[in-house]
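Trainee: My questions concern the predicted model and sequence given below.
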Amino acid sequence: MAASSEPILEVSGLVKHYPLTRGVVFRKRIGAVRAVDGVDFTLGRGETLGIVGESGCGKSTVAKLLCNLERPTAGSIRFKGEDITRLSGRALKAVRRNIQMVFQDPYTSLNPRMTVGDIVGEPYEIHPEAAPKGDRRRRVRELLDVVGLDPEYVNRYPHQFSGGQRQRIGIARGLALRPEIIVADEPVSALDVSVQAQVINLLDRLQAEFDLSYVFIAHDLSIVRHISDRIGVMYLGRIVETGREEEIYEHPTHPYTQALLSAVPVPDPEAREHRERILLSGDVPSPTAIPSGCRFRTRCWKARERCAVEVPALAVPAVFRRGPAAHDSACHFAEERRVVPPEGPGAPEATGADGNGPG
């Protein structure tokens, strides 16, 4: 289904910091975990936005913020023009009907003591106005049929299903209130490869059938490509590159995106043999001590002095403002295509976020 240019969700300056404290009786704040540190994006009607990045980059925290499972430290989340971060009580409950979540692990997200019928129908207990009490069982059976499960399974328990079937149950639960947005947090990462494609195809079909918009979160770029219209690449709490799916995969401009794509399996042996493999040195810095300037510079082979002192803006590089690579990238040297030197990436020595050397 073609996505509309009309935004249904607008995220601006989204921040989530978790305070670090010391002491038991007199708790003293000694810092903060900067899990999400200034994220901006929009989501159009009928569109799928894929958010990708390594574990710990903040993408799952973004998912919780969108669903109001966490309150942001700063920033706004506008659903149909209304900032939902300022809502509470009935107003917030009404919005939650329209933004539902599908969780990562189908084995722990379903209550083992509840039947499938009770699990899928639970949203009606929280939002009784969504369905008349006498009609809920019929709706649950319809939802099971929609996600490819036998409606006769209503009285079975989660342990009687495979991982892929459990995730279908989670999707049915997410659809119960007929939301406009579904936030899918790593929905296929816990499944076998053979089952992943089935769930992705199901989500594709449901999007067209129910006029859904998706925020699809994953760490696997090869999976995200099959479902996303646009992609945002996250690193250490921020989006470092964003654009249409074909722009990101065919013309990546941020070095982190280039490194991630170089690790995606290629089925063609000849293409695989001639592909440049980019190996990043070092670990992802701690979110309690973010590097100064560009937060990727400590692992980047393009890093120079400017990267240590100036935060790169997420914008279209001047050299790419026309053509297929015209999308936003937070890199001072996005136009450079030079390969990683044999000795590996090296960042300039400069003062880090804590003032005691590189962050």
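Mentor: Arrived safely, thanks for sending.

Trainee: from here on, contacts and neighbour counts on C-alpha atoms
Mentor: Will do.

Trainee: Can I take it that residue 49 is in a helix?
Mentor: No. Using DSSP: H, G, I helix; E, B strand; the rest coil, the assignment for residue 49 is strand, not a helix.

Trainee: Is it correct that it is in contact with residue 212?
Mentor: No. With contact defined as Cα atoms under 8 Å, residue 49 does not reach residue 212; the gap is 11.7 Å.

Trainee: Looking at these two, which one has more neighbours?
Mentor: Applying other Cα atoms under 10 Å to residue 49 and residue 212 shows that residue 49 carries more neighbours, namely 27 against 22.

Trainee: what residues does stretch 133-144 touch?
Mentor: For stretch 133-144, the surrounding residues in contact (Cα atoms under 8 Å, 6 or more residues apart in numbering) are 117, 120, 121, 124, 150, 151, 152, 154, 169, 172, 175, 176.

Trainee: And it, what's buried?
Mentor: Buried residues in stretch 133-144, counted by 16 or more other Cα atoms under 10 Å: 136, 137, 139, 140, 141, 142, 143, 144.

Trainee: Equivalent analysis for stretch 283-296, please.
Mentor: By 16+ other Cα under 10 Å, the buried positions in stretch 283-296 come out as 284, 285, 287, 288, 289, 290, 291, 292, 293, 294, 295, 296.

Trainee: ok, now stretch 294-314?
Mentor: Neighbour-count burial for stretch 294-314 flags 294-304, 307-308, 312, 314 (criterion: 16+ other Cα under 10 Å).

Trainee: Same question for stretch 124-135.
Mentor: Within stretch 124-135, the residues scored as buried using 16+ other Cα under 10 Å are 124, 131.

Trainee: helix/strand/coil for residue 191?
Mentor: Assigned with three-state DSSP, residue 191 falls in the coil class.

Trainee: And residue 32, by the same measure?
Mentor: The local conformation at residue 32, judged by three-state DSSP, is strand.

Trainee: Any regions of the chain where pLDDT drops low?
Mentor: Along the chain, the parts satisfying pLDDT under 70 run over 1-5, 267-274, 319, 324-325, 337-359.

Trainee: what's the domain layout of it?
Mentor: What the record gives for the chain is the domain set 7-19+32-241, 258-359, from automatic domain parsing.

Trainee: Return the most buried member of the ones you listed.
Mentor: Here the criterion is mean neighbour count by mean count of other Cα atoms under 10 Å, and of the domains of the chain the winner is domain 7-19+32-241, at a mean of 19.

Trainee: quick one: it to chain centroid distance?
Mentor: Relative to the centre of its chain, domain 7-19+32-241 is centred 10 Å away, using Cα atoms, centre = their mean, to the nearest Å.

Trainee: Among the contacts of stretch 133-144, which one sits closest to residue 65?
Mentor: Proximity of the contacts of stretch 133-144 to residue 65 (Cα to Cα) peaks at residue 175, which lies at 19.5 Å.

Trainee: how close does the closest one get to residue 115?
Mentor: Counting by Cα to Cα, to the nearest Å, the gap from residue 175 to residue 115 is 17 Å.
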